[in-house]
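Q: sequence and predicted model, in that order:
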Amino acid sequence: MKIVITAEDVNDWVYKGEGAANLILRYQGSLPLLLGKVLRVQKVSKDETIPPMACAELSMHEQLIWANMDGLAESKSKDSLVQIYATCIMGPLLGTNHIDAGVRVSVSREFLEKVEVSTLNFRPAWRIKASKIDTLTRSALLISDHSVFPSNSTFSIAVEIKPKCGFLPSSEYISDENSIKKQVTRYKMHQALKLNKKQILEESAYDPLDLFSHSNERIHKALNALYLNPQNNFRVFLNGSLIYGGMDTDTNTHDTNNSFEEIIDTSSGLNLDLPKFFELLTEMISKSGVLNRLLETQKLDLYDIEGAIHSYYDVISKPCPLCEGIYDDGLLKKYEKLHSLPIQKSIEIVRDYLVSATAKDCCLMLSFRPREGEAPALEKYGSVGIESVDQVYDYKVFFIDLDMKPLEKMVHYYNLDQKITNFYKQKYQKLLL
Ligand SMILES: O=P(O)(O)O[C@@H]1[C@@H](OP(=O)(O)O)[C@H](OP(=O)(O)O)[C@H](O)[C@H](OP(=O)(O)O)[C@H]1OP(=O)(O)O
Ligand SMILES: Nc1ncnc2c1ncn2[C@@H]1O[C@H](COP(=O)(O)OP(=O)(O)OP(=O)(O)O)[C@@H](O)[C@H]1O
Ligand SMILES: [Zn+2]
């Protein structure tokens, strides 16, 4: 059945959240087909000088990168691109059972225009300033609401985590002056820059290396740090409604800690105090193994942006402006080695870098509910228990936001990397003085 969403349906769709590139609406109407679904609507930047937020149609060079990749290069619309990319490229890497590419539905221009107005009061001011709904597009993605555990039970809890990059790079192409990148995580260094730009109120103590470690103690520590300073890395939903963390990165949610603890302990019927809540999450993360696959995919970035950027210029057949300004013979030799690789190898380096970028930016949605009675959950769900609680929980884990990153973002990646590293080095040097 072809689904067409028109202006008459606007009251059935309410704001759920948004990222930089998409706005998410939750269905609150009565059509059984749409119950438990969200609609992912594309946005456009209000600043025309900023490159597109996501690939619309593939550029000539992108077609080179994604040639022979399951119909990607031939894909004509952005939605089908998003779907094919999530299913065919990210699926095999992350596990197809953890991926939901959704279905494309038609949306009318009037519907999108009305959504633009109806969501205004719910959107963070800085997001409104930066972007608006793309009213020129004619389709959107209908996806299951993964912040709800699909069952008849009375409630479910979901935790959304944006883990970011979980390893320290060791590429030989990182210049000596940036060797700090091999010792301090990108997340930590970026926090310093974000604080300086007033994008956050305080630096987070979250260390992605803890979350990706195989130590339950360190995973627990990471969750605790995410909880204390959630930014856009941690959110909790009760029955699909946000109860902890915000859509606003600089919202300080410390005041809401008490009510959150009360919800997970008594008022929701979950009966978990905070340490047990984290213990349970830790079990789900460890048992599901999803972070292992995510890390492997992130590690496709073997060359670091300091290496991959040179291959990028070969792919787009432009002289490398970076090599023109390097006077260190040793370093120049290394980069020349990259420039002399066969074009297929350069393409592979850039493609792997982009796939890794998606894996460094996606979110995990872990949803669970206490099992009622003896009945085991469906096979596709996992189950966990912790010693301190006499209860089994059924859970599922889904990745969200597995969008392809545009090739032309490579220059932005290089510039941001240098900015983050230089700022951190400066700060670090100041501290040593
Ligand atoms: O570069 P980063 O690490 O800051 O990541 C960007 C994210 O910032 P973060 O640091 O997680 O707050 C950024 O998130 P926010 O807008 O800050 O919530 C986006 O996810 C962006 O991706 P895209 O432009 O939507 O494709 C992300 O850009 P990509 O680098 O993933 O392309
Ligand atoms: N399928 C889903 N089920 C439940 N909630 C979702 C779903 N998809 C997205 N969301 C919510 O909406 C938010 C924004 O969605 P999404 O990450 O897809 O946006 P984006 O613009 O692509 O993000 P980014 O800024 O990383 O590019 C998520 O952080 C999550 O809270
Ligand atoms: Zn070069």
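A: It's in. Ligands and ions are numbered 1, 2, ... in the order given.

Q: in the helix or strand hosting A359, what counts as buried?
A: In the assignment (DSSP states H and E), A359 maps to helix 343-361. Neighbour counts using 16 or more other CB atoms under 10 Å place 346-361 of helix 343-361 among the buried residues. Placement of C-beta: from N, CA and C, glycine included.

Q: and of those, the nearest to G307?
A: Nearest to G307 among the buried residues of helix 343-361 is I349, at 7.3 Å by CB to CB.

Q: name the nearest residue to that closest one, sequence neighbours excluded.
A: Closest residue to I349 apart from its sequence neighbours, by CB to CB, 6 or more residues apart in numbering: S311 at 4.2 Å.

Q: same deal with M90?
A: L402 (4.4 Å).

Q: contacting residues around that neighbour?
A: L402 sits next to Y85, A86, M90, L94, I99, A101, T358, C362 when contact means CB atoms under 8 Å, 6 or more residues apart in numbering.

Q: where does confidence bottom out across the residues you listed?
A: Within these, A101 has the lowest pLDDT, namely 90.

Q: re the thing from before, state the distance from the residue nearest to I349 to K419.
A: Distance, S311 to K419, using CB to CB, to the nearest Å: 21 Å.

Q: is the helix holding A359 anywhere near ligand 3?
A: No - residues of helix 343-361 are not located near ligand 3 by CB under 5 Å from the ion, the shortest gap being 10.9 Å.

Q: contacts for that helix next, please.
A: So helix 343-361 is in contact with 64-66, 85, 89-90, 93-94, 162, 164-165, 294, 297-303, 305, 307-308, 311-312, 314-315, 338, 341, 401-405, 407, 409-410, 413, going by CB under 8 Å, 6+ apart.

Q: same question for stretch 218-225.
A: Contacts for stretch 218-225 (CB under 8 Å, 6+ apart): 204-211, 213, 234, 278-279, 281-282, 285-286.

Q: if you set the cut-off to 7 Å instead, what comes out?
A: Outside of stretch 218-225, the residues that reach it under the criterion CB atoms under 7 Å, 6 or more residues apart in numbering are 204-207, 210-211, 213, 278-279, 281-282, 285-286.

Q: and stretch 204-218 with ligand 1, contact?
A: No - between stretch 204-218 and ligand 1, judged by CB under 6 Å from any ligand atom, nothing touches; the nearest distance is 11.0 Å.

Q: the closest residue to I99 other than its chain neighbours: which element?
A: What sits nearest to I99 in space, not counting adjacent residues and going by CB to CB, 6+ apart, is G91, at 4.9 Å. Taking DSSP H and E as the definition, G91 sits inside helix 91-94.

Q: now do the buried residues in that helix.
A: Quick answer for helix 91-94 (16+ other CB under 10 Å): G91, L93, L94.

Q: now do it: distance to the chain's middle.
A: Here helix 91-94 shows a centroid-to-chain-centroid distance of 15 Å under the convention CA atoms, centre = their mean, to the nearest Å.

Q: wait, does the next helix or strand along the chain from it contact ligand 2?
A: Per DSSP H and E, the first helix or strand lying C-terminal to helix 91-94 is strand 103-107. No - with CB under 6 Å from any ligand atom as the criterion, ligand 2 is not reached by strand 103-107; the gap is at least 12.1 Å.

Q: before I go, just wanted to say thanks for your time.
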